[in-house]
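J.: I'll drop the sequence and a predicted model, then ask my questions.
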2 protein chains.
Amino acid sequence: MVSKSQTKLITSLQQKKYREQTGLFVAEGPKIIGELINENFKLQSLFTTDASQITAENHFHINDADLKKISFLKTANTSLAVFEIPKPKPMQDSGLMVALDAIRDPGNLGAIIRLCDWFGVQQIICSKDTADCFNPKVVQATMGSLARVQIHYLSLLDFFKATNIPIYGGFMDGKNVYSEKLPKDAIIVMGNEANGISEEIIQQITQKITIPRFGKTQKTESLNVATATAILLSEFRRSTET
Amino acid sequence: MVSKSQTKLITSLQQKKYREQTGLFVAEGPKIIGELINENFKLQSLFTTDASQITAENHFHINDADLKKISFLKTANTSLAVFEIPKPKPMQDSGLMVALDAIRDPGNLGAIIRLCDWFGVQQIICSKDTADCFNPKVVQATMGSLARVQIHYLSLLDFFKATNIPIYGGFMDGKNVYSEKLPKDAIIVMGNEANGISEEIIQQITQKITIPRFGKTQKTESLNVATATAILLSEFRRSTET
């Protein structure tokens, strides 16, 4: 049984406004919930159809119909948890970082967080108009990687002006990323799905690179932003760490 | 003005059953429509709010409200076209190919088609339970690349048993893709979003490879299938073509 006030709270957390007001977010499914708990995210409440999971006062045993009511997923899992949004950790100013300039699609942001976790990128810097990483669609798309990557929302322009780390961006006329000598400390900027990197941010980019095209027609104008991030992160790690 | 029968036809084309019955599919937006026309896809009808585009009998000038009614997009573009599904071209048995084993998400399939176009992969082989490439969500996600990549739906098992080309698949215990000598002729198999490559297909894989992980915790269990495809295609092209 889920109380009315609990249902109301959970439903409200689909909206960023209420996540900010309450400092809470929702994750679904035992895998993602388990990874967040392992990384010391603070559990506010857990709702599960699996009685064996009930081990604390803030755990509630519910039936499938109740879970369906509170779930954000098309096909509800066996559990839903409400977590506290953690306080941001201090920023680092070294290593490999990814900066996102107005990435809007939750699936893309989730895939990029997962990639950063895979490639040991500990910090993602997001412009304030990038999708919220605690949006339930993003949380689910990260498959638990959200627990292990620091994500900061700030003015990219201010950050870029203050840093000495080289700033890389992908451009059609950039240098071939396969043959460039890449450094260990770098920021890779990825731009908005429709408009690419914004004009004021392009001004801050110190290194223009490109992913070579091999299609005969050369008509492909762009890659999906998550797949382009994948290729660039792979190249940076391959050429500096192996 | 869009007639009732045209509206009914267009709406029905969201479903695979009606695409198969009629041999038609829908594309939206002048960029994608233009690329399909350039690659000789046969236009059955065009509906556009831009009068300057009306140059033939099967072009219809409509207003925004009409377009909104027939559009599959949340935010309708300026045009919607109905195309004939082209007859499949003969299969090739050489070069670099991608084989998809039950990829279900239209966004993933679209991103993979776009990647193949970028990297000059001319042929994608899909298991019959892979998402349909003429699904409107896939068509839109390809951003026009659908026009330039051949996509075949068939039994992967039969195809793999008949070919002599090495068959690559990603596995946690595979050989490091950065250091393996990769061939020009190869099939890269990518598996279902939730379950990976199916058991009977795993039996056919001749080369097990892995994308190295760099995260300290090594807890990331997998990458999104489109991002993993991106990294593997990039590595095959980088190491054999540059």
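T.: Noted; the coordinates are in hand.
J.: make it CA atoms for all contacts and neighbour counts henceforth
T.: Fine.
J.: Could you give me the buried positions within the longest helix seen in chain A?
T.: In chain A, with assignment by DSSP state H, the single longest helix is helix A:225-241. Buried positions in helix A:225-241, judged by neighbour count with 16 or more other Cα atoms under 10 Å in any protein chain shown: A:225-239.
J.: Then stretch A:123-136?
T.: A:123-128, A:130-136.
J.: what's the answer for stretch A:210-224, then?
T.: In stretch A:210-224, counting by 16+ other Cα under 10 Å, buried: A:210-215, A:220, A:222-224.
J.: which of these lies closest to B:S71?
T.: Checking those against B:S71 with Cα to Cα, the nearest one is A:N224 at 22.7 Å.
J.: tell me which element the residue nearest to that closest one when sequence neighbours are not counted is part of?
T.: Take A:N224 and drop its neighbours on the chain: the residue closest to it by Cα to Cα, 6 or more residues apart in numbering or on different chains is B:A111, 6.1 Å away. When elements are assigned from DSSP states H and E, B:A111 belongs to helix B:106-118.
J.: The next helix-or-strand element following that helix and chain A in contact?
T.: Sequence order places strand B:123-126 as the next helix or strand after helix B:106-118, per DSSP H and E. No. Strand B:123-126 lies out of reach of chain A by Cα under 8 Å from any Cα of the partner chain, never closer than 11.8 Å.
J.: Please state the offset of strand B:123-126 from the chain centre?
T.: Chain-centre distance of strand B:123-126: 9 Å, with Cα atoms, centre = their mean, to the nearest Å.
J.: For that strand, which helices and strands make contact with it?
T.: strand B:96-101, strand B:150-153 (3 or more Cα pairs under 8 Å, 6 or more residues apart in numbering or on different chains; DSSP states H and E).
J.: Check which residues of the longest one are buried.
T.: By 16+ other Cα under 10 Å, the buried positions in strand B:96-101 come out as B:96-101.
J.: hang on, the earlier thing: surely the residue nearest to A:N224 and B:N224 touch.
T.: No. Using Cα atoms under 8 Å as the test, B:A111 is too far from B:N224 to be in contact (11.2 Å).
J.: who does the lengthiest strand in chain A pair up with?
T.: Secondary structure of chain A per DSSP state E: the longest strand is strand A:167-176. Strand pairing for strand A:167-176, determined by DSSP bridges: strand A:186-191 (parallel), strand A:207-210 (parallel).
J.: from the ones you listed, which stretch is densest packed?
T.: Stretch with highest mean neighbour count among those: strand A:186-191 (a mean of 23; mean count of other Cα atoms under 10 Å in any protein chain shown).
J.: Between strand A:96-101 and that strand, find me the angle.
T.: Put simply, strand A:186-191 runs at 20 degrees to strand A:96-101, going by axes from the mean of the first three to the mean of the last three Cα atoms, to 10 degrees.
J.: after strand A:186-191 comes which helix or strand?
T.: Scanning forward in sequence from strand A:186-191 by DSSP H and E, the next helix or strand is helix A:199-202.
J.: Helix, strand, or coil at A:Q44?
T.: For A:Q44, the assignment made with DSSP: H, G, I helix; E, B strand; the rest coil gives strand.
J.: burial count for it?
T.: 14 (other Cα atoms under 10 Å in any protein chain shown).
J.: Equivalent analysis for A:N176, please.
T.: Counted with other Cα under 10 Å, A:N176 comes out at 16.
J.: For it, which residues are in contact?
T.: Applying Cα atoms under 8 Å, 6 or more residues apart in numbering or on different chains to A:N176 gives the contacts A:209-212.
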